[in-house]
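Visitor: attaching a predicted model along with its sequence, questions to come.
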Amino acid sequence: MRFTELQCKEVICIGSGQRLGFVHDVVVEVPDGNVCAIVVPCSGKFPGCLGRPEDYLIPWNCIRKIGPDIVLVETQPDSCRSPRQKGLPR
């Protein structure tokens with residue numbers, strides 16, 4: 001699968017049915033080239049205005065199914081929140 005195909009997919013949490021957003025980026029181990037996690041921007045109550053910009057950093061082993069339109073993950077969304085890394089545009 002190419003990254004561009006993964007980028008168009010919506011991420012949904014299996015446990016709660018919560019829509020987390022769309023895949024924005026991936027985290028790759030440099031020496032091996034293995035994908036460690038997917039990055040999904042958090043949508044806040046006031047996007048772009050108030051609050052800290054955060055992303056969902058979802059470990060690859062939490063992905064249960066990649067379908068034609070969605071990615072199903074098994075995780076607690078609040079436990080995957082991470083401050084946005086510098087250099088990653090929204």
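Guide: Arrived safely.

Visitor: where along the chain do the helices fall?
Guide: 3-7 (DSSP state H).

Visitor: where does it have low pLDDT?
Guide: Scanning the chain for pLDDT under 70 picks out 44-52, 85-90.

Visitor: can you report how many residues neighbour Asp25?
Guide: Asp25 has 18 neighbours, counted by other Cβ atoms under 10 Å. All C-beta atoms are positioned from the backbone trio N, CA, C, and that covers glycine.

Visitor: in this structure it contacts Val39, no?
Guide: Yes. Counting by Cβ atoms under 8 Å, Asp25 touches Val39, with 4.0 Å between them.

Visitor: quick one, strands of the protein?
Guide: 10-13, 19-22, 25-28, 35-41, 54-59, 63-66, 70-73, 81-83 (DSSP state E).

Visitor: to Arg2, which of the ones you listed lies closest?
Guide: strand 25-28 (11.1 Å; Cβ to Cβ).

Visitor: how far out from the middle of the chain is the closest one?
Guide: 9 Å (Cα atoms, centre = their mean, to the nearest Å).

Visitor: what lines up beside it in the sheet?
Guide: Using DSSP bridges, the strands paired with strand 25-28 are strand 35-41 (antiparallel).

Visitor: what residues does the strand it pairs with touch?
Guide: 6, 11, 20-29, 53, 55-60, 63, 71, 84, 88, 90 (Cβ atoms under 8 Å, 6 or more residues apart in numbering).

Visitor: quick check: angle from that strand to strand 54-59?
Guide: Here strand 35-41 points in a direction 150 degrees away from that of strand 54-59 (axes from the mean of the first three to the mean of the last three Cα atoms, to 10 degrees).

Visitor: these two touch, right, Ala84 and Leu57?
Guide: For the record, residue 84 is Arg, not Ala. No. Arg84 is beyond contact range of Leu57, at 9.9 Å (criterion: Cβ under 8 Å).
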